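>>> With the sequence up front, the predicted model follows.
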Amino acid sequence: MDDIRRRPSAGGAAIDKVGVKNLSYPIVLLDKAHRKQHTVARISMYVDLPREHRGTYMGRFVEILSRYHREIDLHKVGAILRDMRKELEADSAHLEMEFPYFVEKAAPVSGARGLMDYQCRVVAELRDRFRLRLGVAVPVATLCPCSKEMVETGAHNQRAEIRVAVEFREFLWLEDLIDLVEDCGSSEVYSLLQREDEKHLTARALENPAFVEDVVRKVAKRLDEHPLVTGYEVAVESFESIHHHDAYAYICRFPDAGDGGNIGGGL
């Protein structure tokens, strides 16, 4: 049977990324407290396509993914990319995974324990070398320094989100990345609180007012000092409570930040 996908393309342009997007698939992650954690990821897989080929083999992406029988973890990402590049005859292969990761967290005073879910992201690329970025979104609270200065007895506060993506030289626990940034806002966020916890967190926020600029710089400083982190980007977005806009700050410190962000990001 004639292979239509290998016929010459009508437009003649090479394609940077072509493949499947938003495929739901079970994955397994290393869990620092419980050894393994099962979750469901939205997975996107791409390869480049030379100008002389009309199309790629979309079904081949799913075949490669299914080969790993649900046992997909960070240590298998490199092997998946190598299979993609070889079997789809590509120069580059790309894989993205977005998934919720759950961590049990104790309230600061009562010790009440509840599960927090953190939205995480893995972006990997294989060209002449393998690259991987690990990202996480961490909810926090921010309290406005200007508002506190004017009112004295209180201030407007709101939930905010710190989004971090890092490249690293050795294995980095998701829990450690979360811990690194979680206390960089005015106060932390919890899934279960008693009254004494709410009192404590309200007072803590008043004692630690912070602009998004303050938060993003604090996170960046910690990442600069981390022995395993080789590059990063961090964004802070405050979902303002009395303004009809959100506040945002961003820092990028990847070594090749000027290359257009080949393997994703865009926090």
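It's in.
>>> ends of stretch 230-245, how far apart?
The first and final residues of stretch 230-245 sit 33 Å from each other (C-alpha to C-alpha, to the nearest Å).
>>> Show me what counts as buried in it.
By 16 or more other C-beta atoms under 10 Å, the buried positions in stretch 230-245 come out as 231-238, 240. All C-beta spots, glycine's among them, are computed from the backbone N, C-alpha and C.
>>> Going by distance to C252, which of those wins?
Within the buried residues of stretch 230-245, proximity to C252 (C-beta to C-beta) peaks at E233, which comes in at 4.3 Å.
>>> Leaving out the residues flanking it, which one is nearest to the closest one?
Among residues not flanking E233 along the chain, C252 sits closest, at 4.3 Å (C-beta to C-beta, 6 or more residues apart in numbering).
>>> again, but for H226
Using C-beta to C-beta, 6+ apart and skipping the chain neighbours, the partner closest in space to H226 is L180 (7.0 Å).
>>> Tell me, how many residues neighbour the one you found?
Neighbour count of L180, defined by other C-beta atoms under 10 Å: 21.
>>> Return the backbone torsion pair for it.
L180 adopts backbone torsions of phi -60, psi -30, taken as degrees, to the nearest 10.
>>> distance of it from R60?
38 Å (C-beta to C-beta, to the nearest Å).
>>> before we move on, what about R121?
Counting by C-beta to C-beta, the gap from R121 to R60 is 24 Å.
>>> quick one: the helices in the stretch 101-250 of the chain?
Taking DSSP state H, counting those that start in this stretch as the criterion, the stretch 101-250 of the chain carries its helices at 145-151, 174-182, 195-207, 212-225.
>>> could you redo those as TSV and give each row mean pLDDT?
Shown next, in TSV, are these (pLDDT from 0 to 100):
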stretch	mean pLDDT
helix 145-151	84
helix 174-182	95
helix 195-207	94
helix 212-225	97
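>>> Could you point out which of the ones you listed sits nearest V18?
helix 174-182 (30.0 Å).
>>> just to revisit the earlier point, export the buried residues of stretch 230-245 as TSV, with columns for distance to K32 and pLDDT.
Formatted as TSV, these follow (distance: C-beta to C-beta, whole Å; pLDDT from 0 to 100):
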residue	distance to K32	pLDDT
G231	23	96
Y232	20	96
E233	24	96
V234	22	97
A235	25	96
V236	25	96
E237	27	96
S238	29	93
E240	34	87
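>>> Tell me the one of those nearest F211?
Comparing the buried residues of stretch 230-245 against F211 with C-beta to C-beta places S238 closest, at 8.3 Å.
>>> beta partners for that closest one?
Beta bridges link S238 to A160, A247, judged by DSSP bridges.
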